[in-house]
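Visitor: Sequence and predicted structure are below.
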Amino acid sequence: MPVRVDFHVHSFFSMDGVSSPEDIIIAAKRAGLHALAITDHNTCEAVDYMIERGLMRADGLPVEGFLVIPGVEVTTSDGHLLCLGCQLSPTLKGRAAVEVCRLAQEAGGMCIAPHPYDLFRAGIRENVLDTLPLDGLEVFNAAITFKRHNRKAYDYAQRRGLPMTAGSDAHHADAVGVASTIVETEDFSVRGVLTAMKMRTELAQRYLSKRQTIRKTWNNWFRLRSRTRAARAMKKQA
């Protein structure tokens with residue numbers, strides 16, 4: 001059966017995310033998704049939150065016909081890396097991408113490089129990509145800085161024969177499912193969907209609207225301003 005999944009979604013557990021997991025799932029169903037991967041920056045807090053509230057299952061099966069895939073977007077020393085199907089420690093932030101890949105795969109997960117070539121958003125450079133044992137490449141990111149970055153990612157995946165994904169990179173519920181990946185599997189589980197992703201995918205490609213882009217930019221600006229204020233306050237206290 002075809003499964004439509006957004007492999008790149010952030011909740012309010014990301015510093016620049018604003019939506020609750022509950023609102024994200026509602027939006028995902030409304031967008032026609034069957035599954036999504038929760039990939040907050042350097043934290044798996046959302047996974048524990050969702051399991052505790054019955055929104056996802058620890059055994060990797062769907063809840064009321066909808067599947068949530070555990071994951072995390074790790075800020076490695078080489079750039080961002082999506083680790084799917086596993087939970088990792090926040091202490092991996094700043095470690096080398098190849099090391100994070102190894103640890104994620106040892107934990108039963110799969111690694112996808114998101115928005116490569118987009119250096120404005122910590123995409124991993126090609127010379128580093130060449131050294132990574134990737135399970136896939138995000139060749140369409142709905143929030144990419146320049147569309148040519150997606151084209152370069154597609155060309156690179158073609159050259160290496162890597163499985164391809166498309167993701168919304170949503171930081172608020174309204175953007176969930178703007179771009180998505182379609183896999184074919186009879187095993188509707190975390191393991192089944194990820195295994196199918198490595199076999200063959202179809203990509204639903206649409207960019208964020210101007211309104212959605214402005215909202216994402218505002219979220220990032222608000223996050224930066226809040227962190228600056230906090231740093232100033234701590235400096236005064238010192």
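Guide: Cool, got the structure.

Visitor: all contacts plus neighbour counts: C-alpha atoms, from now on.
Guide: Will do.

Visitor: outside of the strand ranked longest in the chain, which residues touch it?
Guide: Of all the segments assigned as strand in the chain under DSSP state E, the longest by residue count is strand 67-76. By Cα atoms under 8 Å, 6 or more residues apart in numbering, the surrounding residues in contact with strand 67-76 are 34-44, 47, 55-56, 60-62, 80-88, 92-97, 100, 188-190.

Visitor: Which of these fall in strands?
Guide: Short answer: the contacts of strand 67-76 in strands (DSSP E) are Ala35, Leu36, Ala37, Ile38, His80, Leu81, Leu82, Cys83, Leu84.

Visitor: Can you say which of those are buried?
Guide: Buried members of those, counted by 16 or more other Cα atoms under 10 Å: Ala35, Leu36, Ala37, Ile38, His80, Leu81, Leu82, Cys83, Leu84.

Visitor: Serialize these to JSON lines and add fields for distance to Pro114.
Guide: Output for those, formatted as JSON lines (distance: Cα to Cα, whole Å):
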{"residue": "Ala35", "distance to Pro114": "18"}
{"residue": "Leu36", "distance to Pro114": "15"}
{"residue": "Ala37", "distance to Pro114": "13"}
{"residue": "Ile38", "distance to Pro114": "14"}
{"residue": "His80", "distance to Pro114": "7"}
{"residue": "Leu81", "distance to Pro114": "6"}
{"residue": "Leu82", "distance to Pro114": "6"}
{"residue": "Cys83", "distance to Pro114": "10"}
{"residue": "Leu84", "distance to Pro114": "12"}
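
Visitor: follow-up on the earlier one: could you check the angle the longest strand of the chain makes with strand 79-84?
Guide: Put simply, strand 67-76 runs at 150 degrees to strand 79-84, going by axes from the mean of the first three to the mean of the last three Cα atoms, to 10 degrees.

Visitor: Dump strand 67-76 to CSV, keeping only the CA atoms.
Guide: Presented in CSV, the C-alpha positions along strand 67-76 are these (Å, rounded to 0.1, in the frame of the first residue of the first chain):
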residue,chain,number,x,y,z
LEU,A,67,2.3,6.4,12.3
VAL,A,68,4.9,8.6,14.0
ILE,A,69,8.5,7.8,13.4
PRO,A,70,11.0,8.8,16.1
GLY,A,71,13.9,10.9,15.1
VAL,A,72,16.2,13.8,15.7
GLU,A,73,18.0,16.4,13.6
VAL,A,74,21.5,16.4,15.0
THR,A,75,23.7,19.5,14.6
THR,A,76,27.0,17.8,13.9
